[in-house]
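Trainee: How does the following fold in three dimensions:
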Amino acid sequence: MGNAASSRSDDLEKHPHPVLPVSGTGKRVDTDSLQVRSHGANRPDDPVYIQPHTDAGGDAYYIGDIYGPSKCAKEWAIDEAGQANMPYLRYVKEVSSFMPHLRYLAHWMEVTCAPPKWKFIKKNAQNRDERARRCKVCVLDFSPQKPPEKPVYTDIAALKDALDAPPTASGRVPDRLIIVEDLSRDVVELLGGKYDIDPLFFLSHIGDYLFHNTRDPWVEMPDLDVIARQRSFFTLQYLRGRYFSTPQDFEKAERESGSFNVLRRLDSDRSRERLQNGLLDVNGASATLTRTKTSWWTRPSKGTDEPVLAILLVDPTVSAGFPLWNGPRPFESTPSMMDLTRASADRTAHRTSLFDDAVYWSSKIGTKELQKIHQEPKCFAIPMLQLVLADWRTVLKYMTTMLGKIEWEFERPHWGEATDDIDKSLRKLSPWMRNMHYYKAMVAEAIDRLFPPHERTQFSHDRQSGSQAPLIPLDHDNNTHGGTPTPSSGILSLLYDFYLVQQQMETSKQRIEGIQAMATNTINIEEARRAVDQNKHLARLTLLATIFIPLSFTSSFLSMSPGFASPASVTTVWLFFALGVPLTLSALVIVDVTNPKSGFLVTTLRRWGVLPLRRGESRRGRSEVSDAVELGKTIPFFHFSKTGVEPSRRTR
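Mentor: This next block holds a predicted model:
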């Protein structure tokens, strides 16, 4: 088919002045006179980077809620003249009149991004036009004779020509996989109109939410499982980890994510600051877990001889920061020394985006998968699903690392020296406690969408809470070793990996619950320790009260005499001491006698022999008695004899 550059140059020769409408108007804009800026060409403080559903984004319901028409629909609407070349948009708007859940997709196409961003981009027509025309698509054509080429199209007109191009000289239409990064109005218009794609496919990919409020117009209602299995598409939500060595890197990445057309929030659960600056961390460094989506559509097959057509939607990747641990391991064996010298030309530069990874690994689909594509078109998605599984395993490893650090904070010897230690550790634990059931739901949803129930029943998997039973595959593929291994190819070969992710997620959940219980016990111990300290202080206060109450009584008693303050009665001041001191000593003796176990006076009198000793108590102190006992004599040694067990002669 040729590379993207040649396709684009040919397109410019055919169409020297391509024109596209701008949102909100029906006018055509000459692209030669319009200089479109790239993602990073705007100022760093430009409001086009602000994400909705954040503190800077403000109230997202200014556009209206789901129970009424949008309040801003007239501002962003494209008039009839502008919709003349947009049949798919007209179709979506018409269908949304009786299927209201599709109305949000129509608004998204008109706004060119998430509708709550409208107030930040409505005065920037240049940014809206760039968003509408954005295109980054790779078309992979598979044939048995040669590996597929990997052209990447960044111009919508060149992409249209490539999709409309006739078959090669052989006359056979190849199996085709179209990989799309991000989404735009023009890409949705082209692919949706050309292949008559269900609008739900695009609608399920543009949002990023864990749950929905009752007013949300962007709500994604769940399908019945029996309906979802009949659809020709599915969407998987998962997590991708990214490491930022400085706060500036994170801020740069956050601005980049604000330039995406699909809504993706880098620090979606706002736990980055809570989890940073931990044990062995660099000051200011942080890691985020970004919710990511990948969507898959396959043209309904009319027969085994018809070529397979599939579309894969992947999320864009920010350039700032690094993948956690520099990404997962490759899905192939390390080349030998001989293979390395022969295949040096096949080595490519380091891939820095999810799109590049998806293109690279999809182009390496093996012969077994290609043979199964016509029976099971989902085999086209195996490389992408491997990337999803690898990201899940990386996230689980990061989760294990963070839980280990939190656990150590509770167990380290000097824990609890500062009163804020408990609160800091609990704040680090709370994001995992809050989101774990959402993460488990993501994995369970992926298993339900990818593997029909009759395939899942071929595996024995104990799903009881807290179970650590091994996952045992049953009855599949030929087995030459007498066991029952998992299939080595096809979509079902990934089921065991998904079950492993699910099992590790359950293990992490149990560990979180264990840490939570340990934290509760530690807090109770600390409270008991503080209560003991408070009781000591209270005992001191009681002693002071015992001393000063008699003196206060004496002072009050003497103040009742009207002549006490006269010069002739100054000598009566000694009455205060004559009465107060005996009363104080009497009070102390009474307190000491009423506490015979630990009272100083009673204990001393017993030791001197004035009072009788308690049962089992010696006149010598406890420490003196324990010191007087010879070592080796406290526990007698025994030996076995014919009559039974007797003390050893050494101890007799």
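
Trainee: Could you measure from residue 324 over to residue 423?
Mentor: According to Cβ to Cβ, to the nearest Å, residue 324 and residue 423 sit 27 Å apart. Backbone N, C-alpha and C define where each C-beta goes, glycine included.

Trainee: Those two: who's more crowded?
Mentor: For residue 324 versus residue 423, the count of surrounding residues by other Cβ atoms under 10 Å is larger for residue 324: 20 against 10.

Trainee: ok, that one touching residue 286?
Mentor: No: assessed by Cβ atoms under 8 Å, residue 324 is found out of contact with residue 286, at 11.5 Å.

Trainee: what sits in contact with each of those two?
Mentor: By the contact definition Cβ atoms under 8 Å, 6 or more residues apart in numbering, residue 324 and residue 286 are jointly contacted by residue 243.

Trainee: The residue nearest the centre of the chain: which element?
Mentor: Residue closest to the average C-alpha location in the chain (Cα atoms, centre = their mean): residue 289, at 4.6 Å. Using DSSP states H and E, residue 289 sits in strand 286-298.

Trainee: which is the next helix or strand following that strand?
Mentor: Where DSSP H and E defines the elements, the next helix or strand beyond strand 286-298 is strand 309-314.

Trainee: helices or strands next to that following strand in the packing?
Mentor: Other elements packing on strand 309-314 under the criterion 3 or more Cβ pairs under 8 Å, 6 or more residues apart in numbering; DSSP states H and E are strand 175-181, helix 185-195, strand 286-298, helix 354-362.

Trainee: quick check: mean pLDDT across the strand holding residue 289?
Mentor: For strand 286-298, the mean pLDDT works out to 94.

Trainee: That one to strand 309-314, inter-axis angle?
Mentor: 170 degrees (axes from the mean of the first three to the mean of the last three Cα atoms, to 10 degrees).

Trainee: Check the offset of strand 286-298 from the chain's centre.
Mentor: From the chain centre to the centre of strand 286-298 is a distance of 11 Å (Cα atoms, centre = their mean, to the nearest Å).

Trainee: all helices for the stretch 51-200 of the chain, in order.
Mentor: 73-76, 87-96, 103-111, 118-121, 125-133, 156-164, 185-195, 199-206 (DSSP state H, counting those that start in this stretch).

Trainee: Of these, which stretch is the most buried?
Mentor: Across the helices of the stretch 51-200 of the chain, averaging neighbours per residue (mean count of other Cβ atoms under 10 Å) puts helix 103-111 on top, at a mean of 25.

Trainee: now what about that one, what contacts it?
Mentor: With Cβ under 8 Å, 6+ apart as the criterion, helix 103-111 contacts 23, 63, 70, 73, 76-78, 89, 92-93, 96, 114-115, 117-118, 121, 128, 185, 188-189, 199, 202-203, 206, 217-218.

Trainee: at 6 Å what do you get?
Mentor: If you take Cβ atoms under 6 Å, 6 or more residues apart in numbering as the criterion, helix 103-111 is touched by 23, 76, 78, 89, 92-93, 96, 115, 118, 185, 199, 202-203, 206, 217-218.

Trainee: Least confident of the residues you listed?
Mentor: Lowest confidence among the contacts of helix 103-111: residue 23, with 36.

Trainee: Identify the bridge partners of the residue nearest to the centre of the chain.
Mentor: residue 241 (DSSP bridges).

Trainee: Quick one: closest of the helices and strands packed on strand 309-314 to residue 59.
Mentor: Residue 59 sits nearest to strand 286-298 of all the helices and strands packed on strand 309-314, at 21.9 Å, using Cβ to Cβ.

Trainee: got the CA positions of that closest one in PDB?
Mentor: Provided in PDB are the C-alpha atoms of strand 286-298 (Å, rounded to 0.1, in the frame of the first residue of the first chain):
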ATOM      1  CA  SER A 286       5.500  10.000  42.200                       C
ATOM      2  CA  ALA A 287       3.600   7.300  40.300                       C
ATOM      3  CA  THR A 288       0.100   7.400  38.900                       C
ATOM      4  CA  LEU A 289      -2.400   4.700  37.900                       C
ATOM      5  CA  THR A 290      -4.400   6.000  34.900                       C
ATOM      6  CA  ARG A 291      -7.600   4.400  33.900                       C
ATOM      7  CA  THR A 292      -7.200   3.400  30.200                       C
ATOM      8  CA  LYS A 293      -9.600   2.000  27.700                       C
ATOM      9  CA  THR A 294      -9.100  -0.200  24.600                       C
ATOM     10  CA  SER A 295     -12.100  -0.800  22.300                       C
ATOM     11  CA  TRP A 296     -12.400  -3.500  19.700                       C
ATOM     12  CA  TRP A 297     -14.900  -3.800  16.700                       C
ATOM     13  CA  THR A 298     -15.200  -6.500  14.200                       C
END
